[in-house]
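In: fold the stuff below for me.
(chains A and B)
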Amino acid sequence: MNETVTQKLMLFFPKCECEKPIIYHLVKDYNLIVNVYRAKVTPEEEGYLVLDVTGTPADIEKGIAFVRTFNVTVNHTGKGVTRDEDRCTHCGQCVAHCPTKALHMPNKATREVLYNEAECIECLACIRVCPFGACASAF
Amino acid sequence: MKTYEQINQRIESGKAVVLTADEIMDYVDKKGLEAAAEEVDVVTTATFGPMCSSGCFLNFGHSKPKIRMTEAWIEDVLVYTGIAAVDVYLGATQLRHGDPANMYPPGEFRYGGGHVIEDLVAGATLQLFALSYGTDDYPRREIRTYFTIDDLNQAIMVNPRNCYQNYNVAVNDSDRTIYTYMGTLEPNRKNATYCSAGQLSPLLNDPYYETIGIGTKVWLAGAHGHVYAEGTQHTGACERTPDGVPTEGAGTLALTADMKQMKPEFVRGASLRGYGISLALGVGVPIPILNEQILKRTCVRDRDIFAPVIDYSGDYPQKTGKTIAKVNYEQLRRGEIEIDGKTIAVGSLSSYFKALEIANLLADEIRKGDFLLAQPMAMLPRDNAMKPLAIREKAS
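Out: Got it, this is the predicted structure:
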């Protein structure tokens, strides 16, 4: 159980929970390594936080339980950036702008653009450069 | 040696041997040029990419009472009405009314003419709003109605410029991000964009326009259309490799086809950040293998096709004519090129994936006898140059 895993989480904050140092406690009390991709946490507004947490499965579970005590919605399966397969024309414009190669062209014969969501760090470059509006952000 | 008639007879009898421009090189390497020229009837070529010079003529039929439209909008996108009463021309790059364009740069250009064309082909219900000054025979002054492509009498696409034979590779040598029709270009030559199907592209497989001419039947977004003229900015007299392959823009085709027969997956509105709207289209062009030379030219490979790398922050807008380097499509398709010791990430605006799909769809139609070839009634010019626009102080 001591092996660490990384899990992507999306946290949705209601207006009232913005001022609490939740991430601090995840690090300090639950030994989690956090990597924040995107955050919008503004007083008097609803907010969100998209992050990777790395730690033992037990610590992650306890950390999530802790977060939930703050009336924060935790989404394990949500995708921050999605690609609409029907809108994508596989031109490859995004590939040169994707810093992690989450959008890539592994098959050099067909030149199909594939999207590996696990590699996405939600920089949103693909959304800005796609001429066909194939990529979209959850927020 | 074969004739168009002989090839069409073989197509009609379901016996035509058809390969795509992606397959033909290996086939010829294996069989030998002479034997392959004897055997192969048609090589299919294709491309899918933004073609800004696109549009369509629409005829709405007459309302009761009638209107002679003098200003009109479809989904708030202005259409040209300086033609007959209920004919309009919708251009791909037209912005939607009220689009802030680049007022707060870079503009997003989310919806415009290209998207209206896409929606039309996809069968969407669209709003027409038109005004008129009213005449004795056309008294109506205003009309607002909703329609689909099925309600129109005609919806005829015209692409005054399509299938650019070759194209630039765009980079940005300045220290700020620039937004162009070649996409977003990061500063200091961080990325490059090309836009060609390379070895699959129609005019790169017929570099001297020996089979593709005015009257050639083409596959335009799934509809059967044809080449109606040389494309705008067609420049037959261009720089070429010893094999005749242009190393710059060169030839273009003007295409037309019935939009009611088109497939929506090959008609896509495009939003180019900071630049504007365009329309991406799929085109397939069959090349009849009339002789060995024509077959040999369809065997062109990405490594034989060179494109000029041009700085879109300075040399392109200022028209200096300067080229940074020439790179071939094999290099470009690796996703990285190296110039002056610097590695540059490469992206494309032209979809090889879609082009391959189109070349195969067209090949299947020909094999099934559903697509016959047409002999050109006139050839494209091979020796014309492109003129610049002179700025004159006064009329001379």
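
In: helix, strand or coil for whichever residue of the stretch 151-300 of chain B sits closest to chain A?
Out: Closest residue of the stretch 151-300 of chain B to chain A, CB to the nearest CB: residue B:270 (3.9 Å). Where you see a C-beta, it was placed from the backbone N, CA and C, and this is true even at glycine. With DSSP: H, G, I helix; E, B strand; the rest coil as the basis, residue B:270 sits in strand.

In: that one is in contact with residue B:114, isn't it?
Out: Yes: at 5.8 Å, residue B:270 and residue B:114 qualify as touching, with contact defined as CB atoms under 8 Å.

In: between those two, what contacts are shared?
Out: B:277, B:278, B:279, B:280 (CB atoms under 8 Å, 6 or more residues apart in numbering or on different chains).

In: how about those residues in TSV, adding neighbour count, pLDDT and distance to chain A?
Out: Output for the shared contacts of residue B:270 and residue B:114, formatted as TSV (neighbours: other CB atoms under 10 Å in any protein chain shown; pLDDT from 0 to 100; distance: CB to the nearest CB, whole Å):
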residue	neighbour count	pLDDT	distance to chain A
B:277	27	98	9
B:278	26	98	7
B:279	28	98	10
B:280	26	98	6
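
In: which parts of the chain are helices?
Out: With no chain named, the answer covers chain A. Secondary structure of chain A, counting by DSSP state H: helices at A:22-30, A:57-68, A:125-129.

In: not quite, go with chain B.
Out: B:4-12, B:24-31, B:33-39, B:113-121, B:292-298, B:315-318, B:329-333, B:352-367.

In: show me chain A divided up by domain.
Out: Per automatic domain parsing, the structural domains of chain A span A:5-75, A:80-139.

In: so which of the ones you listed comes closest to residue B:374?
Out: domain A:80-139 (28.3 Å; CB to CB).

In: what's the average pLDDT for that closest one?
Out: For domain A:80-139, the mean pLDDT works out to 95.

In: repeat for stretch B:22-42
Out: Here the average pLDDT along stretch B:22-42 is 98.

In: now it - C-alpha only, CSV.
Out: Provided in CSV are the C-alpha atoms of stretch B:22-42 (Å, rounded to 0.1, in the frame of the first residue of the first chain):
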residue,chain,number,x,y,z
ASP,B,22,-0.2,7.4,-51.9
GLU,B,23,0.1,3.8,-53.2
ILE,B,24,1.3,4.3,-56.7
MET,B,25,5.0,4.9,-56.0
ASP,B,26,5.6,1.5,-54.4
TYR,B,27,3.5,-0.1,-57.1
VAL,B,28,5.6,1.3,-59.8
ASP,B,29,8.8,0.5,-58.0
LYS,B,30,7.6,-3.1,-57.9
LYS,B,31,6.1,-3.5,-61.4
GLY,B,32,8.4,-1.2,-63.4
LEU,B,33,7.1,2.0,-65.1
GLU,B,34,6.3,0.4,-68.5
ALA,B,35,4.2,-2.5,-67.1
ALA,B,36,2.5,-0.3,-64.5
ALA,B,37,1.6,2.3,-67.2
GLU,B,38,0.0,-0.5,-69.2
GLU,B,39,-1.9,-1.8,-66.2
VAL,B,40,-3.0,1.3,-64.2
ASP,B,41,-5.8,3.4,-65.5
VAL,B,42,-6.3,6.1,-62.9
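
In: how distant is that stretch from the center of its chain?
Out: 27 Å (CA atoms, centre = their mean, to the nearest Å).

In: now swap in stretch B:35-49 and tell me
Out: 19 Å.

In: show the end-to-end separation of it, please.
Out: Start-to-end span of stretch B:35-49 (CA to CA, to the nearest Å) is 34 Å.

In: does that stretch come close to chain A?
Out: Yes: Stretch B:35-49 reaches chain A (CB under 8 Å from any CB of the partner chain) through B:48, B:49.

In: circling back to that earlier point, show me which of the shared contacts of residue B:270 and residue B:114 is closest to residue A:108.
Out: residue B:280 (22.1 Å).

In: so the closest one is in contact with residue B:271, correct?
Out: No: using CB under 8 Å, residue B:280 makes no contact with residue B:271, being 10.8 Å away.

In: identify the contacts common to these two.
Out: With CB under 8 Å, 6+ apart as the test, residue B:280 and residue B:271 both reach A:131, A:132.

In: which ones are touching the residue positioned nearest the centre of chain B?
Out: Nearest to the mean C-alpha position of chain B, by CA atoms, centre = their mean, lies residue B:162 at 3.1 Å. By CB under 8 Å, 6+ apart, the contact set of residue B:162 is B:51, B:53, B:54, B:231, B:252, B:253, B:254, B:255, B:281, B:283.

In: hmm, 6 Å instead?
Out: Contact analysis of residue B:162 by CB atoms under 6 Å, 6 or more residues apart in numbering or on different chains lists B:51, B:253, B:255.

In: and residue A:37, by the same measure?
Out: Contacts of residue A:37 (CB under 6 Å, 6+ apart): A:50, A:121, A:122.

In: beta-bridge partners for residue A:55, please?
Out: Counting by DSSP bridges, residue A:55 is bridged to residue A:5.

In: please tell me how far it sits from residue B:219.
Out: Residue A:55 is 56 Å from residue B:219, where distance means CB to CB, to the nearest Å.

In: who's more crowded, the two?
Out: Ranked by neighbour count (other CB atoms under 10 Å in any protein chain shown), residue A:55 and residue B:219 place residue B:219 first, with 25 against 21.

In: ok, and the closest non-adjacent residue to the more buried one?
Out: residue B:284 (3.5 Å; CB to CB, 6 or more residues apart in numbering or on different chains).

In: find me the pLDDT at the one you found, would you?
Out: pLDDT recorded at residue B:284 is 98.

In: ditto for residue B:100
Out: So residue B:100 comes in at 97 (pLDDT).

In: near chain B, which residues of chain A?
Out: Selection of chain A residues close to chain B by CB under 6 Å from any CB of the partner chain yields A:89-93, A:95-96, A:110-112, A:129, A:131-132.
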